[in-house]
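Participant: After the sequence you'll find the predicted model.
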Amino acid sequence: MNLSMDQTFKLELEQLRKGNLYRTMKKITGPIGTTVFIDGKELILLSSNNYLGLSTHPKLVAAAELALKMYGTGSGASRLISGNMEIHERLEKKTADFKGTPAAALFSTGYMANLGVITSLVGKGDLILSDELNHASIIDGCRLSGAAVKIYPHRNTDALEQLLSRGGDNCPRRLIVTDGIFSMDGDIAPLAGLVKIAEKYNAWLLVDDAHATGVLGENGRGTVEHFGLQCDRLIQVGTYSKALGSIGGFVAGPDQVIEWIKNKARSFIYSTGLPPGVCGASIAALEVVETEPERREQLWGNIKRLQAGLVHSGFNIRESQTQIIPLVTGRSEVTMQFAHGLFEKGLYAPGIRPPTVPDNQCRIRLCPTAAHTAQQIDAVLEILEGQGRRLGIIK
Ligand SMILES: Cc1ncc(COP(=O)(O)O)c(C=O)c1O
């Protein structure tokens, strides 16, 4: 049978639907706040990575507006050709200072940062050791690098050490890669142990602090600050798109390493520099993180309130230690029913299914933010408990 291109994908999409894996988008009208409007209905939003509520902060909006007026809408070229604007360098300097590193480089997204950084640090003949629950952008960066990849069991430093002690001696470069806060489980990488192993086995360590930047550590600088670490074998990837309320990726680390990445990372070289308005917002976001620590306190207050309520209701929140709280429901059918029930009751927290999470570990991924009120958290708990009981997810 000779199918047209469209017919081919119609059939493929039907297969996805049959497996409950078909994905659709809900259209949100208005800004992303603690509530959102969908189809004219106001719902509490508990699945956004806008952890500090900064995407609507007046200082970010004003800084974006100012940069837009001063510099226009786009940078017009890759930074290595003619798109390197003063505001890019200001954001890099601000990011490096914030992270306490000598230098930083910008990417268009966190996804692109992981792709570019991993592929420029290691290649064919080298070895990567990657946590089994690392983000898709790390997995894709590892694959693209051409290096041999060994996956170690989640957060298991003993298993990692065994892998390193058993092999890899003849690999000139060894790179350990981990999420800082794991994006679907909300637990924290054992970074102090990973640093020790990197030092013992002469390896480098890359931590992806996409979810920890602005959240973890006394000043919100991320997992490195949280554990009080200093290590010259470590580089940090991050994104402005989550707690920082903007968009764009970055890598922060030693001077010459960053210079090398700017020379070699294809997602840096062959992609247009970030728009100036976005850079203005990101600089303002870092300033707000520094000057409004109460936002982090509010976030942690909401995390504790939500986690305690969920455990009290009998939900299993696994090892969550942070603002990412998984309610693992198992199969995709029940997860989608649960998400639908929540939606009907006024809570927007969609189901997460494979390949984002392993088979039969579908979940609702809850993320409170600094901006939610205690009343909203309590309302959310009531809805979750009601729907959880209705579907037998809790007794
Ligand atoms: C751990 C991790 N790294 C990287 C990214 C990608 O960041 P961005 O959304 O800026 O591309 C994400 C986003 O979901 C993430 O969870």
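Facilitator: Looks like it came in fine.
Participant: pretty sure A103 contacts F250?
Facilitator: No - look at A103 against F250 with Cβ atoms under 8 Å: they stay out of range, at 10.5 Å. For every residue, glycine as well, the C-beta is placed using N, CA and C.
Participant: These two: which is more packed in?
Facilitator: Neighbours of A103 and F250, each counted by other Cβ atoms under 10 Å, are more numerous for F250; the result is 27 against 20.
Participant: distance of the residue positioned nearest the centre of the chain from G110?
Facilitator: Centroid-nearest residue in the chain, with Cα atoms, centre = their mean: A210, separated by 3.9 Å. Taking Cβ to Cβ, to the nearest Å as the measure, A210 falls 5 Å from G110.
Participant: Spell out which residues are contacts of both of the two.
Facilitator: Contact criterion Cβ atoms under 8 Å, 6 or more residues apart in numbering; residues shared by A210 and G110: V237, G238, T239, S241.
Participant: which one of those residues is nearest M1?
Facilitator: Among the shared contacts of A210 and G110, S241 lies closest to M1 (Cβ to Cβ), at 43.5 Å.
Participant: who touches both of A103 and F250?
Facilitator: Residues touching both A103 and F250 by Cβ under 8 Å, 6+ apart: E92.
Participant: What residues of stretch 191-210 count as buried?
Facilitator: For stretch 191-210, a neighbour-count test (16 or more other Cβ atoms under 10 Å) marks 191, 193-195, 197-198, 201, 203-210 as buried.
Participant: can that stretch be found next to the ligand?
Facilitator: Yes - contact of stretch 191-210 with the ligand (Cβ under 6 Å from any ligand atom) involves D208, A210.
Participant: mind checking how far that stretch is from the chain centre?
Facilitator: Relative to its chain's centre, stretch 191-210 lies at 19 Å (Cα atoms, centre = their mean, to the nearest Å).
Participant: Repeat that for stretch 209-220.
Facilitator: In terms of Cα atoms, centre = their mean, the centre of stretch 209-220 is found 11 Å from the chain centre.
Participant: Next, the distance between the ends of it.
Facilitator: End-to-end span of stretch 209-220 (Cα to Cα, to the nearest Å): 11 Å.
Participant: Using neighbour counts, pick out the buried residues of it.
Facilitator: The neighbour-count check on stretch 209-220 (16+ other Cβ under 10 Å) flags D209, A210, H211, A212, T213, G214, V215, L216, G217, G220 as buried.
Participant: and what of stretch 114-128?
Facilitator: For stretch 114-128, the neighbour count (16+ other Cβ under 10 Å) marks N114, L115, G116, V117, I118, T119, S120, L121, V122, D126, L127, I128 as buried.
Participant: Which of those fall within helices?
Facilitator: N114, L115, G116, V117, I118, T119, S120, L121 (DSSP state H).
Participant: and the ligand, which of the residues you listed reach it?
Facilitator: Restricting these to those near the ligand by Cβ under 6 Å from any ligand atom leaves N114.
Participant: In a markdown table: the ones in helices among the buried residues of stretch 114-128, plus pLDDT.
Facilitator: Shown next, in a markdown table, are these (pLDDT from 0 to 100):
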| residue | pLDDT |
| --- | --- |
| N114 | 98 |
| L115 | 98 |
| G116 | 98 |
| V117 | 98 |
| I118 | 98 |
| T119 | 98 |
| S120 | 98 |
| L121 | 98 |
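Participant: quick one on the thing from earlier: from the buried residues of stretch 191-210, which single one is nearest the ligand?
Facilitator: Closest approach to the ligand among the buried residues of stretch 191-210 (Cβ to the nearest ligand atom): A210, at 3.5 Å.
Participant: next helix or strand past whichever strand or helix holds E294?
Facilitator: According to DSSP states H and E, E294 maps onto helix 293-313. As assigned by DSSP H and E, the chain's next helix or strand after helix 293-313 is strand 325-330.
Participant: Point out the other helices and strands that the helix or strand just after that following strand packs with.
Facilitator: Remark: after strand 325-330, the chain's next helix or strand is helix 332-344, criterion DSSP H and E. Applying 3 or more Cβ pairs under 8 Å, 6 or more residues apart in numbering; DSSP states H and E, we find helix 332-344 packed against strand 325-330, strand 351-352, strand 362-366, helix 374-390.
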